[in-house]
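Chemist: This is the structure alone, sequence omitted:
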C-alpha cells in the first residue's frame, strides 16, 4: 500500500539503493518515492540505516548500488548518485539539516541566512567586480537576499533576534533557524535529519506547524528522519520504515502504524514466537521439571 498516485511524477525516486562499508551492509536494496508538496518521513529503530540513506541522497556517500533521481517541476532530472555533494545543493537544489546543529555561532542570526544565499550573491557580483563597484544588478540581488532572510526569520519567529549571535539563541530557536537557513537556499527538496531531537512538546508542536506551512504554502517536498512519532504521524503524508537497512513498510501513516512488521520492529516479538509447535507444546512440561529440580 502506498499513498502515491500512479499519475503523479515523483519528486525523488530511490531505486535499489544499497550502501556497503566493507562487510557491513548499512542500506540494503531500498526503493521508494517521495512526491512534491508532501512530507515523506523515514523512520525506524536506531541503526536502521536512516542517516546513511540521507547521506547517499545528499552526496556525503556515493551508493554502492542504486539510482537516485530528482525531478524538478520544469522537467530537469538529476541523477544524485553521480553528483558530488556540493553540486547536489547548488544545481539540484536539495537542502539539508543535520542531527547536530551546525550554525555559524559567531555570526548574527541574519548573517546566517545571508550566507546561505552566497551562490546567487556571488553570481550577481560577477565574482566580486559588480559587488565592489556597487552595480545595480548586485545591489538588487543583495536587497532581495535580505528580504528573503527577513521573511524566513518572521516565519520562525526570530525576526526580533536578527542581530543576536546565533550561538546565543536557545536550543529550540537554533533548530528553527537551521530550517530557515535551509529554506533561504530556495530548495526543491528539504531534507531534515531529526529536527525534533531535544525539543520539548511545545517546541515539537511549533516545528510541526512550520513544516506543514512549508509544505502547504511553498509546495516543496520535505524528506524527514524523525524519532518523535507524535510529529511523524501528525504531519506526514507518506512514511517509509527501515529496519536493519531494509525497507519493511511503505505507505500512509494509518497503514504504517498498524503494519505488523512495523510493530515487531519497534516492540520486538515474543521469545517463543518462532519456535516449532511441538517445542512450544513441551515448554510447560520443561518448566515444571526445572522447578521440581530446583
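Modeler: That came through, no problem. In this text, all values refer to a predicted model and were calculated from it rather than measured experimentally. Numbering: from 1, shown residues only.

Chemist: Now the helix or strand residue 215 falls within: average pLDDT?
Modeler: According to DSSP states H and E, residue 215 maps onto helix 201-218. Average pLDDT, helix 201-218: 94.

Chemist: what does stretch 28-37 give?
Modeler: Here the average pLDDT along stretch 28-37 is 96.

Chemist: So which residues make contact with that stretch?
Modeler: Stretch 28-37 has contacts (CB atoms under 8 Å, 6 or more residues apart in numbering) with 4, 8, 10-18, 40, 49, 53, 65-66, 73, 188-189, 215, 219-221, 223, 237-238, 240, 242, 244-247, 250. From N, CA and C alone the C-beta is placed, and that goes for glycine too.

Chemist: what about 6 Å?
Modeler: Stretch 28-37 is contacted from outside by 4, 8, 10-18, 40, 219, 221, 223, 240, 245-247, 250, using CB atoms under 6 Å, 6 or more residues apart in numbering.

Chemist: Cross-check the contact I'm expecting between residue 253 and residue 238.
Modeler: No: at 8.4 Å, residue 253 does not count as touching residue 238 under the criterion of CB atoms under 6 Å.

Chemist: more neighbours, these two?
Modeler: Neighbours were counted for residue 253 and for residue 238 using other CB atoms under 10 Å; residue 238 has more, 24 against 19.

Chemist: Show me what counts as buried in the lengthiest helix in the chain.
Modeler: Criterion DSSP state H: the longest helix present in the chain is helix 136-155. The neighbour-count check on helix 136-155 (16 or more other CB atoms under 10 Å) flags 138, 141-142, 145, 148-149, 152-153, 155 as buried.

Chemist: What's the mean pLDDT across stretch 161-174?
Modeler: Over the span of stretch 161-174, the pLDDT mean works out to 95.

Chemist: Provide the secondary structure category for the spatially closest residue to residue 79 that is not a sequence neighbour.
Modeler: Distances taken as CB to CB, 6 or more residues apart in numbering place residue 69 nearest to residue 79, at 6.1 Å, with adjacent residues excluded. Per DSSP: H, G, I helix; E, B strand; the rest coil, the local secondary structure of residue 69 is strand.

Chemist: Also residue 187?
Modeler: Three-state assignment for residue 187 (three-state DSSP): coil.

Chemist: By average pLDDT, which secondary structure element in the protein comes out worst?
Modeler: helix 277-293 (a mean of 49; mean pLDDT, DSSP states H and E).

Chemist: about what we covered before: I'd like to know which elements the helix holding residue 215 is packed against.
Modeler: Applying 3 or more CB pairs under 6 Å, 6 or more residues apart in numbering; DSSP states H and E, we find helix 201-218 packed against helix 229-235.
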